[in-house]
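Enquirer: fold the following, please.
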Amino acid sequence: MTTEEENVKNLREGYERWSTSKGDRDSVSYWMALVSEDELRWRSLADGAAGMEFTKVGSSKQDVQLYFDQLAQDWEMVSYTVHELVAQGDRVVMLGHCVWKNRKTGKLLDTPKADVFRFRNGKIVDFLEFYDTATAIAATT
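Expert: Numbering: from 1, shown residues only. Reported below is the predicted structural model:
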C-alpha cells in the first residue's frame, strides 16, 4: 500500500519537472506513469468549454495523453508554482499559481490553481483541476 508521503513525494517530483521543463515531453511522461491503467477519471473545471475542448472529461490514459498534447498545442506555460501539497488518506491537494499564454491569441491566463488527486496503489485514479475558467476561456478569443 502506498502512503500519503509517497503520493506527495511523487506529485512534488511531477510538479518540479512540470514547472522547470515548461511541460515538455519528459515531464508529461512522468505524469503519464502516475496515471492508472484501469480506473481513471480526469476532469477540469472548464469541462470542454469552447476554446478549451481539451478539458473534457477523460476516462483513459489515452484521454489524459490527448489532454496534455492539446494543452501544449494551444497554450505555452509561462510559470507554474506549487505553494503546498496537502494529503489525507488517498487524496492529495495541490495549491498553487500558474501563468499560461494562449498560442493563438497571445493572451495570458494568470490564475490561482488547485488540483485534487485521488490515488489507489500509488496511481492517480481521479484528478480535478480548479482555476479561473472565465479568464481561460476569454484568453482563447
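
Enquirer: and the helix or strand bottoming out on mean pLDDT in the chain, what's buried?
Expert: Using mean pLDDT, DSSP states H and E, helix 25-34 stands out as the lowest-scoring helix or strand of the chain, at a mean of 93. Of the residues in helix 25-34, 27-28, 30-31, 34 count as buried by neighbour count, 16 or more other Cβ atoms under 10 Å. Bear in mind the C-beta positions are built from the backbone N, C-alpha and C, glycine included.

Enquirer: does anything pack onto the longest helix along the chain? Which helices or strands?
Expert: Across the chain, the longest stretch assigned as helix under DSSP state H is helix 4-21. Where contact means 3 or more Cβ pairs under 8 Å, 6 or more residues apart in numbering; DSSP states H and E, helix 4-21 is packed against helix 25-34, strand 75-88, strand 91-102, strand 108-120.

Enquirer: lowest average pLDDT across those?
Expert: Lowest mean pLDDT within those: helix 25-34, at a mean of 93.

Enquirer: using CSV, write out every CA atom in it.
Expert: Coordinates of each C-alpha in helix 25-34 appear next as CSV, following Å, rounded to 0.1, in the frame of the first residue of the first chain:
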residue,chain,number,x,y,z
ARG,A,25,7.5,15.5,-23.2
ASP,A,26,9.7,14.2,-20.4
SER,A,27,7.6,15.8,-17.7
VAL,A,28,4.4,14.6,-19.4
SER,A,29,5.9,11.1,-19.5
TYR,A,30,6.4,11.3,-15.7
TRP,A,31,2.8,12.2,-15.2
MET,A,32,1.6,9.5,-17.6
ALA,A,33,3.5,6.9,-15.5
LEU,A,34,1.5,8.1,-12.4
